[in-house]
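Novice: sequence and predicted model, in that order:
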Amino acid sequence: MTNHIPLKQVWPEEFAQRYVEKGYWDNQCFGELLAQRAQQFANRPAVIGGETRWTYQDLHQKASAIAAGLLQLGLTRGARVLVQLPNIPEFISVVFALFRAGMVPIYALPAHRITELEHFANQAPADAYVCADQFEGFDYRVLARQLQERCPQVQHIIVVGQAEEFTSIASIEDTGSTTTPVPNGVAAATDVAFLQISGGSTGLSKLIPRTHNDYIYTLRESANICGLSPASIFLAALPIAHNFPMSSPGFLGTLYAGGCVVLSPSAEPETCFALIEKHQATFSSLVPPLLLMWLEFAPNSQHDISSLKTMQVGGAKLIPEVAKRVKPVLGIQLQQVFGMAEGLVNYTRLDDDEHTIITTQGRPISPDDEIRIVDDQDQPVAQGAVGHLLTRGPYTLRAYHNNPAANARSFTADGFYRTGDIVQLTDKGYLIVQGRANDHINRAGEKISAEEIEDHLLAHPALFDAAVVSVPDEYLGERSCAFLIVKNNEIKPRAIEIKRWIRERGLAEFKVPDQVVFVDSFDTTAAGKVSRKQLRAQLSQSLQQNHD
Ligand code: OOB
């Protein structure tokens, strides 16, 4: 078993000092936070999922027992644990157990498959993997076996449900409940609490280290900004491994405020409306394409969703025409959220005027979130002009985990993170997102790196070249289109074969190109060589023109 020293994310001393002095970082770790909430809200409901209902006490006891059980198993403080769980209560008990024991979860999405898991497991590197037995017809134990074969450093496989040859979470909890409890505050607040997955704008996903201090600060402020209280009931509709439903204010913000989290297995309006009515949910969060589905569904629904007061919408651009419909159709207050797993989160405020709520993506959480908007040469643009968003602050990362090449690209010399977003700053300090500088496809809030998919396409024996571009889509916001050139003398594969190829490479379903177009050449009109970026822009445009 690897002996880890706890991971740190380092801010320069003067910044760290300022963030402590201003009270942003309050030196608490997640283990202590849950213990405190269990005292304050002992018998109040904390988590509901399916037939399971846990009070704060229950959640605390389970997290304590699982933490002790994980140590019994041989994992130690600082161990890195790949967690791939759907929206089930054990997601929450397991991550709090890991926080409590000073171990570091890495959040894979339920949609990820072996190629992505292998990458995370190597990059971390991971000592253990926690998965569900099955979800939505997919057997994660099969994935666990592949992972064990490919990544022998992943020594422990822990399964929620039927474990087969692996260790069940229930047995870990049982063992742990009879052993000495782990202290609440074993982790330092300055330790990395978990590794979040980046959208992966260039190539493979990067790992984002977030500390107890910086993340708990965002929870406290998000809970305030969103008006949460112990009476708040959050319907978690999106997969909670995403940063947005995790903490903006999400399930962790809800628990921070002493509220109750209701876990939905899917974001489909039919499932969610029934759960809202049943549990009297007061708020939820959605990406724009799902909001559209909810808006279509609502007028014909028999469910009473009048308990719902606010809806956070983010992850991708919400167009004002859709934003305008939220209040009249759903009868709830819209709150736009523009955030990133790397840190910076912006919210429209509940008392902002309608125009601001509908036309902007909000303003930063913290007075110490520094925003810089620059041109291609990193020079500040005029006030109100469009440019690249750079940011630094008390909860924005200073470096990715184990990735010097990405770090060299992603930060300025003075520590600003290059978000890759093209924005405009209003004179009231609100951001309006205009687009992306780099080539990723924002497919219904899931980020896909064009380069990553191109690499997999180029491995196909019949393909000579590939360019993956984003195309505007009425429902998804953006969809992916793969332009392909076949090798001389090769027979053109069918689109369905190309899609199968990507699936069989072990990638998440959302990365399978929505559309495949074969071309004879990348007919670049510009003289000489064009960059991949220009090429993708031209191809995307050609497709749109053909459709006009
Ligand atoms: C959230 O986090 P990520 O890490 O999956 O993706 C971040 C990227 C941003 O850089 C931006 O390109 C896009 O997603 N994005 C938006 C947006 N919110 C995120 N683009 C336009 N309008 C918005 N409202 O997606 C995320 C994390 C925390 C809170 C909310 C979203």
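Specialist: Structure's in. What do you need? Residues are numbered from 1 along each chain as shown.

Novice: would you list the strands that the helix or strand hosting Arg210 pairs with, along with their directions?
Specialist: Secondary-structure assignment from DSSP states H and E places Arg210 in strand 207-211. For strand 207-211, the pairing partners within the sheet under DSSP bridges are strand 192-197 (antiparallel).

Novice: please see if the partner strand touches the ligand.
Specialist: No: for strand 192-197, no contact with the ligand is found by Cβ under 6 Å from any ligand atom; the gap never falls below 7.7 Å. Placement of C-beta: from N, CA and C, glycine included.

Novice: contacts for that strand next, please.
Specialist: Strand 192-197 has contacts (Cβ atoms under 8 Å, 6 or more residues apart in numbering) with 6-9, 29-30, 80, 95, 98-99, 104-109, 120, 124, 187, 205-212, 215, 241, 243, 341, 401.

Novice: what do you get if the cut-off is 7 Å, keeping everything else the same?
Specialist: With Cβ atoms under 7 Å, 6 or more residues apart in numbering as the contact definition, strand 192-197 has outside contacts at 7-9, 30, 99, 104-108, 124, 205, 207-212, 215, 243, 341, 401.

Novice: same question, stretch 163-181
Specialist: Applying Cβ under 7 Å, 6+ apart, the contact partners of stretch 163-181 are 62, 64-70, 72-73, 90, 94, 141, 144, 156-160.

Novice: now do 8 Å
Specialist: Applying Cβ under 8 Å, 6+ apart, the set of residues contacting stretch 163-181 from outside is 61-62, 64-73, 90, 94, 130, 133, 141, 144, 156-162.

Novice: tell me the residues of this structure that contact the ligand?
Specialist: Remark: the part of the chain in contact with the ligand comprises 199, 243-244, 248, 314-317, 336-341, 345, 361, 419, 421, 433, 436, 442, 445, 447, using Cβ under 6 Å from any ligand atom.

Novice: tell me which of these fall in strands.
Specialist: Counting by DSSP state E, the residues of the chain next to the ligand place 314, 336-340, 345, 419, 421, 433, 436, 442, 447 in strands.

Novice: ok, back up a step: looking at the contacts of stretch 163-181, which are in helices?
Specialist: 61-62, 64-73, 90, 94, 141, 144 (DSSP state H).

Novice: how about the stretch 251-400 of the chain: which residue is closest to the ligand?
Specialist: Residue nearest to the ligand within the stretch 251-400 of the chain (Cβ to the nearest ligand atom): Gly339, separated by 2.6 Å.

Novice: OK, contacts around that residue?
Specialist: Listed by Cβ under 8 Å, 6+ apart, the contact partners of Gly339 are Asn243, Phe244, Ser248, Gly314, Val345, Asn346.

Novice: hang on, the second one packs against Leu238?
Specialist: It refers to Phe244. Yes: the pair Phe244 and Leu238 qualifies as a contact (Cβ atoms under 8 Å) at a distance of 6.5 Å.

Novice: those two: which is more packed in?
Specialist: Between Phe244 and Leu238, counted using other Cβ atoms under 10 Å, Phe244 has the larger neighbour count: 24 against 21.

Novice: check contacts around that one.
Specialist: With contact set as Cβ under 8 Å, 6+ apart, Phe244 has these partners: Leu238, Gly250, Ser285, Val287, Gln312, Gly314, Gly315, Val337, Gly339, Gly445.

Novice: got it, and Pro6?
Specialist: Contacts were defined as Cβ under 8 Å, 6+ apart; by that measure Pro6 touches Arg77, Gly78, Gly102, Ala187, Ala188, Asp191, Val192.

Novice: do that again at 6 Å, thanks
Specialist: By Cβ atoms under 6 Å, 6 or more residues apart in numbering, the contact set of Pro6 is Gly78, Asp191.

Novice: for it, pull up the helix or strand it's in.
Specialist: Applying DSSP H and E, one finds Pro6 in no helix or strand.

Novice: dihedrals phi and psi, it?
Specialist: In terms of degrees, to the nearest 10, the main-chain angles of Pro6 are phi -60, psi 140.

Novice: measure it to Thr190 for me?
Specialist: Between Pro6 and Thr190 the distance is 9 Å, computed by Cβ to Cβ, to the nearest Å.

Novice: surely Gly102 is in contact with Gly185?
Specialist: No: counting by Cβ atoms under 6 Å, Gly102 sits too far from Gly185 to count as a contact (9.3 Å).

Novice: who touches both of those two?
Specialist: Taking Cβ under 6 Å, 6+ apart as the contact rule, Gly102 and Gly185 touch no residue in common.

Novice: no further questions, thank you.
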